[in-house]
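J.: predicted model follows, preceded by the sequence.
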Amino acid sequence: MSETASSGLQHCFQLKSASVSMTALELYYFDNDEFEDTLRDKISQAPGFFKDIPLIISLEKYEGLSSELDFFKIIGTCRRHNIHVIGVRGGNDDQRRLARGAALALLPGGGQRDRQVDPAEDTAETSEPAAAAPEAPTEPTPARIISQPVRSGQQVYAPEGDLIILAPVQAGAEVLAAGNIHVYGPLRGRALAGIHGAQSARVFCQSLEAELVSIAGHYKISEDLQDNGWKTAVQIQLRDDLLVVTPLEKA
């Protein structure tokens with residue numbers, strides 16, 4: 001008898017919820033040669049960031065013909081560059097049918113997400129309005145506080161609130177948060193704030209030396225960041241879909 005069986009476990013696995021940082025490739029039209037050239041150029045800017053990442057193809061702004069979409073070519077091109085396409089977001093019925101044929105997961109687009117329905121809404125016109133219950137005060141989501149250096153290869157994740165790091169983030173490390181990221185020391189690794197889409201999230205650090213900074217999916221790599229505020233105390237925020245770096249004393 002195996003150790004698993006003898007320990008009293010009845011199943012060989014369990015399903016648990018997980019929050020994973022994802023990168024979306026927003027596709028406007030598809031041409032196989034141009035797609036690979038553009039992908040190769042993006043990878044050359046930050047090869048470490050793209051290696052073995054899961055990728056979502058977003059069709060929410062796709063303007064090409066559905067007949068031009070070839071998900072098998074997209075998957076093959078990405079695999080040659082160690083990128084793994086796992087699903088499609090948005091798209092019309094024909095486009096999602098093509099994605100399903102390529103064994104890709106189907107994710108809802110921005111306008112397709114399910115709305116929670118209150119059954120009482122169906123009888124709202126014929127029922128007497130209920131007295132409004134007093135709202136209980138809600139406590140803010142506590143920040144996750146890290147007091148030790150985040151070393152190369154480590155990942156620190158705050159799935160619901162801010163992430164506060166009272167030490168350096170070393171090159172090769174990754175810090176992620178649903179809200180803001182505060183680094184009271186040099187930020188040398190990768191920082192991804194607003195990972196669930198919060199465009200108001202910001203990144204604060206005492207010395208900007210990052211490999212990559214991302215807010216709500218918009219990112220800049222080290223070469224771009226060095227143009228402004230490099231190795232100084234800054235905050236980084238999203239304005240009009242662009243990351244803006246501002247010295248902390250002028251914030």
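T.: On my side now, so go ahead.
J.: at which residues are the helices of the stretch 51-200 of the chain located?
T.: Taking DSSP state H, counting those that start in this stretch to define them, one finds helices in the stretch 51-200 of the chain at 71-80, 93-101.
J.: show me the contacts for Ala198.
T.: When contacts are counted by C-beta atoms under 8 Å, 6 or more residues apart in numbering, Ala198 is found next to 178-179, 216. Where C-beta positions appear, they are placed from N, C-alpha and C, glycine not excepted.
J.: including distance to Ala198 and pLDDT, could those go into JSON lines?
T.: What follows is the contacts of Ala198, written out as JSON lines (distance: C-beta to C-beta, whole Å; pLDDT from 0 to 100):
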{"residue": "Ala178", "distance to Ala198": "7", "pLDDT": "89"}
{"residue": "Gly179", "distance to Ala198": "6", "pLDDT": "93"}
{"residue": "Ala216", "distance to Ala198": "6", "pLDDT": "86"}
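J.: between the residues you listed, which is closest to Phe50?
T.: The shortest approach to Phe50 among the contacts of Ala198 belongs to Ala216, at 18.8 Å (C-beta to C-beta).
J.: excluding chain neighbours, what is closest to that closest one?
T.: In this structure, Ala216 finds its nearest non-sequential neighbour in Gly194, 4.1 Å apart by C-beta to C-beta, 6 or more residues apart in numbering.
J.: pLDDT weak spots in the stretch 1-150 of the chain?
T.: 1-9, 17-21, 110-140 (pLDDT under 70).
J.: ok, the stretch 151-251 of the chain next?
T.: Confidence mapping of the stretch 151-251 of the chain against pLDDT under 70 gives the ranges 250-251.
J.: thinking again about what came up before, export the contacts of Ala198 to TSV and tack on distance to Gly229 and neighbour count?
T.: Compiled in TSV, these are given as follows (distance: C-beta to C-beta, whole Å; neighbours: other C-beta atoms under 10 Å):
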residue	distance to Gly229	neighbour count
Ala178	24	21
Gly179	21	22
Ala216	20	18
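J.: quick one, what contacts Ala99?
T.: Under the criterion of C-beta under 8 Å, 6+ apart, the contact list for Ala99 reads 57, 71, 87-88, 91, 106.
J.: for those, work out which two are farthest apart.
T.: With C-beta to C-beta as the measure, no two of these lie farther apart than Phe71 and Leu106, at 11.7 Å.
J.: which residues do these two both contact?
T.: If you check Phe71 and Leu106 against C-beta under 8 Å, 6+ apart, the residues they both contact are 88, 99.
J.: okay, the two: which has more neighbours?
T.: Under the neighbour definition other C-beta atoms under 10 Å, Phe71 and Leu106 were set side by side, and Phe71 has more, 19 against 15.
J.: now that one: how far from Leu27?
T.: Applying C-beta to C-beta, to the nearest Å, the value for Phe71 to Leu27 is 10 Å.
J.: overlap in contacts, those two.
T.: If you check Phe71 and Leu27 against C-beta under 8 Å, 6+ apart, the residues they both contact are Ile57.
J.: would you map the strands across the stretch 51-200 of the chain?
T.: With strands called from DSSP state E, counting those that start in this stretch, the stretch 51-200 of the chain shows them at 54-58, 84-89, 105-107, 144-146, 155-158, 163-165, 174-177, 181-187, 190-193.
J.: which of the ones you listed sits most buried?
T.: Stretch with highest mean neighbour count among the strands of the stretch 51-200 of the chain: strand 190-193 (a mean of 26; mean count of other C-beta atoms under 10 Å).
J.: name the residues that touch the following helix or strand past that one?
T.: If you walk from strand 190-193 toward the C-terminus, the next helix or strand you reach (DSSP states H and E) is strand 203-208. For strand 203-208, the surrounding residues in contact (C-beta under 8 Å, 6+ apart) are 180-187, 191, 193, 213, 215, 225, 229-237, 245, 248.
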